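In: My questions are about this predicted structure, shown below with the sequence.
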Amino acid sequence: MSSEIKLTLAIGFSDLACDLDARRYKKIATVQVRFAECAGLVNTLEGDVSFNIDDAILTGIAGERWPVKRNVFDERYELLGNQSSNTYRKRSKNPVFSKQIPIPFRIMIRGGEAILEGKAGDWLVQYAVDDAGIVDNEIFIQSYILYEE
């Protein structure tokens, strides 16, 4: 019988802009988007997240899915090509603060609505002061580059 000890860090971050280990990154990967016709739940890589009618459901480069509130999506993403392509990218004016976390960790999102769980080596990504997510290390490497002003 194994007596493995699993450490999990519960991160109650305030602002990664103040964290000396965090850096600014720009998302370069495109996403496929559909808009929800009814409320529901998306099983993300890090946990279940609810969405409302008209929220954006994004699909990333590895088939991973996550919801984004419609007003936030409209502010942060732009359409590539024509409307039927459903291909979007993050606006370049929206770099994010990110930090790789060396041990398993959890964060609360959407005002405590959901808890996401990250693996050792995953990235904590802060989209705005009160808006964060977790990105798998392999997906982060393929999707983000260091932001240079």
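Out: Looks like it came in fine. Residues are numbered from 1 along each chain as shown.

In: rest of the way, CA atoms for contacts and neighbours
Out: Will do.

In: Near E64, how many other residues are there?
Out: By other CA atoms under 10 Å, 16 other residues sit near E64.

In: which residues does it contact?
Out: Listed by CA atoms under 8 Å, 6 or more residues apart in numbering, the contact set of E64 reads T44, L45.

In: try V96
Out: Taking CA under 8 Å, 6+ apart as the test, what V96 contacts is R24, Y25, K26, V125, Q126, Y127, A128.

In: for N94, same thing?
Out: N94 sits in contact with K26, R76, where contact means CA under 8 Å, 6+ apart.

In: how about the nearest residue to the residue most central in space within the chain, chain neighbours excluded?
Out: Geometric centre of the chain, nearest residue: G133, 3.9 Å, by CA atoms, centre = their mean. The shortest distance from G133 to any non-neighbouring residue, by CA to CA, 6 or more residues apart in numbering, is to V125 (5.3 Å).

In: same check, this time on I134
Out: Spatially, and ignoring its direct neighbours in sequence, I134 is nearest to L124 (4.8 Å; CA to CA, 6+ apart).

In: Could you give the number of residues near that neighbour?
Out: 25.

In: now swap in the one 10 residues further on and tell me
Out: When counting by other CA under 10 Å, one arrives at 25 neighbours for I134.

In: With R24 instead?
Out: For R24, using other CA under 10 Å, the count is 20.

In: Output the host helix or strand of it as PDB - backbone C-alpha positions only.
Out: Assessed by DSSP states H and E, R24 sits inside strand 23-27. Output of strand 23-27 as PDB, limited to C-alpha atoms (Å, rounded to 0.1, in the frame of the first residue of the first chain):
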ATOM      1  CA  ARG A  23       5.400  37.600 -16.500                       C
ATOM      2  CA  ARG A  24       3.200  39.200 -19.200                       C
ATOM      3  CA  TYR A  25       2.300  36.900 -22.100                       C
ATOM      4  CA  LYS A  26       0.300  37.200 -25.300                       C
ATOM      5  CA  LYS A  27      -2.000  34.500 -26.600                       C
END
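
In: which other helices and strands contact it?
Out: Packing contacts for strand 23-27, counted by 3 or more CA pairs under 8 Å, 6 or more residues apart in numbering; DSSP states H and E, involve strand 96-100, strand 144-146.
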